[in-house]
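[1] From the sequence below, what's the structure:
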Amino acid sequence: MIGLLSDTEGQDDALVDVLRKTRIELLRARSVEDLRAALAGGTLDLLVLSVNLSDPWAVAAEIKADPALGGAPVLAWRHSPSPQDKRAAREVGVDSYDGRPLNAERLQAKVEALLRSRHAGPLQALSLGGAAPVEPVKKAKKAPDHLILVVDDEQAVLDQLTERLTEAGYGVLCASDGATALALLKQEPVSLVLLDHSMPRMSGLEVLWRVRETSSSLQLPVLMMSSKTSAQDLLAALELGANDTLSKPLDLPVVLARLQLHLNLLKTSQDLRRSEERFRLLTENSTDVVTRESSDGTWLYVSPASRRLLGYEPEELVGRSAWSLLHPEDFDALAHSYDTLMSSPDHFSLRYRIKHKDERWVWVETSLHAIRDPATGEVQELQGAMRDVTAQVERAHRQAEEMLVRFGRIAEFRSGETRGHIQRLSDAAGILARRAGLSGRQAEHVRLASTLHDLGNIMIPMSVLQKPGPLTPEERALVQQSPEHGYELLKDSGDEILEMAAAICWHHHEHWDGTGYPRGRRGKGIPIEARIVTICDSFDMMTSDRPYSRALPPELALSEMIRGRGRRFDPELLDLFLADISELLALRARFPDPPGAGSVVAHDGLQEAERVDEDDAIQ
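    Alright, predicted model coming up:
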């Protein structure tokens, strides 16, 4: 049974029609006492309270507390609903609330929901006169995705828009004045406002101005409705923040189309803000430095990870050119990648060095994506991420160096030489390369590549390489094939260091005056890295015990080197070598030969090496 408690006459006909659609017996009463008497021991499934008293909530509280009414859910119906009224209803325990303008579909859904809450199973019609067949209550419809606030002082406009918007699937709130509208905006999740231009007390423009004063309402679409069509009125509304204007009398299909357009724009804007927030959270919590750059390399945004990677606060880098921190030796490679990115692909990754705030160099790997103008294809912005790969680069560098040294040791072992020779030679070559003005990167390549200078020796019989006595012409011819063997083993690798090592193998037995082998090259026709290794290798060999000769004292070895100036050795490089010999002599203390290095065991025991290779001392 549904009870309707109402103190009005003739104003509840529409409400009664909705309640009767449930096909549950309807009991009407004008007071709580009348309702109790009419029940006569029966039970209520729902009580609808429709009263026009200024404060009906004392009645509502009495009903909720009355055990005779069986604790039935209460729905309050108000002819003049307001947010304050709704809040008061909730405070006394009213279960649901509705009011004019009547929306039959919405009210019916609320009634059915309350009836379902009263009965776990299918509803049964309860009445004093017995049971009546009842159709199953329909499932409540999904709540509308958007709530539209209609603000107009004309009831006909409110009713017209409410009906059409409800049919279109929107939730609707109505306000007949500006104050009510502003109150609803504070309390309800309104998606869009249809606002009348001309209203008493508070005009639509004033309402709009107050709405736009709140930062949280800046994105709320407001469509201004007006019977005034002057350009000045329209401009005033737009300047105050209206998103669109609609002319009265309203063309409802146009209203719906405009409304949907602005809701779509609102969704796009909200999606964009959510994406920006996700991007912000991602970048602020990423261990990589996320960046945005202009097409000329100026940082527009730098994430907080810059503190850890580079030692700079993000604001210290924004507005600064990324090129200002770049290692000079990496400039050309990065510039080439940038130039390529501007003309064709949309992405590149590159490793390079960048200066930390404490002046040390950090290896980073940067991936950059180009954001292009859809119309012109020109790069507008570069977005990327930069991560620290210093540990990886240094580990790979150590592994590569160890691999080169071990291959070099294979060749030196066959020649009866030691690891100390390889380390002294390579470090000396790096020192001389820097003295000669090569870049740090090039000097490091020379240092590493020099470890393979005698790789071709692995193709020469050990009996020849370690022979204590003089070589026969045939044996010398075999030895002089070593440079070409080394070159053939290393060429065409595509690796900078191995290509340099190939050049060193092939040329480090050439002489400045063209009397060397295998090709008789002279002067600067010999690559500078080979000329460097020739000097460093000769000095270390002359000051080391070998299978066929004893070590010379440094003074004598230097005298021999000076005798070869302009003949075997590049005179300018030799002068640089001799400029600070102490640094080079110190290498022997750092990398000494093991005891017994340089001697050979012959079939009849230990023999003293007596031969001096013509290629290691100037005769």
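[2] pretty sure Ile410 is in a helix, no?
    Yes. Per DSSP: H, G, I helix; E, B strand; the rest coil, Ile410 lies within a helix segment.
[3] From Ala501, how far off is the spatially closest residue to it that is not a sequence neighbour?
    Of all residues not flanking Ile410 in the chain, Ile458 sits nearest, at 5.9 Å (Cβ to Cβ, 6 or more residues apart in numbering). Any C-beta I mention is one placed from the backbone N, CA and C, and that applies to glycine too. Taking Cβ to Cβ, to the nearest Å as the measure, Ile458 falls 14 Å from Ala501.
[4] higher neighbour count, the two?
    Neighbour count, other Cβ atoms under 10 Å: between Ile458 and Ala501, Ala501 has more, with 31 against 18.
[5] pretty sure that one is touching Gly456, no?
    No. The pair Ala501 / Gly456 is not scored as a contact, 11.0 Å apart, by Cβ atoms under 8 Å.
[6] got the residue ranges for the helices in the stretch 251-400 of the chain?
    Assigned by DSSP state H, counting those that start in this stretch, the stretch 251-400 of the chain shows helices spanning 252-285, 306-310, 314-317, 331-343, 390-414.
[7] now these in JSON lines, with mean pLDDT and distance to Gly523?
    Shown next, in JSON lines, are the helices of the stretch 251-400 of the chain (pLDDT from 0 to 100; distance: least, Cβ to Cβ, whole Å):
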{"stretch": "helix 252-285", "mean pLDDT": "84", "distance to Gly523": "57"}
{"stretch": "helix 306-310", "mean pLDDT": "91", "distance to Gly523": "46"}
{"stretch": "helix 314-317", "mean pLDDT": "93", "distance to Gly523": "49"}
{"stretch": "helix 331-343", "mean pLDDT": "80", "distance to Gly523": "28"}
{"stretch": "helix 390-414", "mean pLDDT": "80", "distance to Gly523": "27"}
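[8] And these: which comes nearest Ser324?
    Minimum separation from Ser324 across these (Cβ to Cβ) falls at helix 314-317, 9.6 Å.
[9] With only the CA atoms kept, save that closest one in PDB.
    Output of helix 314-317 as PDB, limited to C-alpha atoms (Å, rounded to 0.1, in the frame of the first residue of the first chain):
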ATOM      1  CA  PRO A 314      64.400  22.500 -13.300                       C
ATOM      2  CA  GLU A 315      64.000  26.200 -13.300                       C
ATOM      3  CA  GLU A 316      67.700  26.700 -13.800                       C
ATOM      4  CA  LEU A 317      67.600  24.800 -17.100                       C
END
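[10] follow-up on the earlier one: just name the most buried of the helices of the stretch 251-400 of the chain.
    Neighbour counts (mean count of other Cβ atoms under 10 Å) averaged over each of the helices of the stretch 251-400 of the chain peak at helix 306-310, with a mean of 18.
[11] Figure out how far that one is from the centre of its chain.
    On the basis of Cα atoms, centre = their mean, to the nearest Å, helix 306-310 sits 16 Å off its chain's mean C-alpha point.
[12] And the contacts of stretch 311-328?
    The contact list for stretch 311-328 (Cβ atoms under 8 Å, 6 or more residues apart in numbering) reads 291, 293, 296-304, 306-307, 310, 331, 334, 352-358, 361, 439.
[13] Then stretch 160-173?
    Against stretch 160-173 from outside (Cβ under 8 Å, 6+ apart): 101, 103, 105-106, 143-150, 152, 174, 184, 188, 190, 194, 250, 252, 255-256, 259.
[14] filter those to the buried ones?
    101, 103, 106, 144, 146-150, 152, 174, 184, 190, 194, 250, 255-256, 259 (16 or more other Cβ atoms under 10 Å).
[15] Just the ones in strands from the residues you listed, please.
    The members of the buried ones among the contacts of stretch 160-173 that map onto strands under DSSP state E are Leu147, Ile148, Leu149, Val150, Cys174, Leu194.
[16] any idea of the pLDDT on the second one?
    According to the per-residue confidence, Ile148 scores 93 in pLDDT.
[17] Mind listing the residues bridging to it?
    On the basis of DSSP bridges, Ile148 is bridged to Val172, Leu192.
[18] shouldn't it be in contact with Val190?
    Yes. Using Cβ under 8 Å, Ile148 makes contact with Val190 at a distance of 7.3 Å.
[19] Quick one: mean pLDDT for stretch 73-92?
    pLDDT averaged over stretch 73-92 gives 78.
[20] which of the residues in that stretch are buried?
    Buried, per 16+ other Cβ under 10 Å, within stretch 73-92: Pro73, Val74, Leu75, Ala76, Trp77, Arg78, Pro81, Asp85, Lys86, Ala88, Ala89, Val92.
[21] ditto for stretch 490-504
    Leu490, Ile497, Leu498, Glu499, Met500, Ala501, Ala502, Ala503, Ile504.
[22] Now do the buried residues in stretch 342-362.
    For stretch 342-362, using 16+ other Cβ under 10 Å, the buried residues are Phe348, Tyr352, Arg353, Ile354, His356, Trp361, Val362.
[23] Just checking the distance from it to the centre of its chain.
    Per Cα atoms, centre = their mean, the displacement of stretch 342-362 from the mean C-alpha position of its chain is 17 Å.
[24] picking up where we left off before, closest one of the buried residues of stretch 73-92 to His511?
    Relative to His511, the closest of the buried residues of stretch 73-92 is Lys86; by Cβ to Cβ it sits at 103.4 Å.
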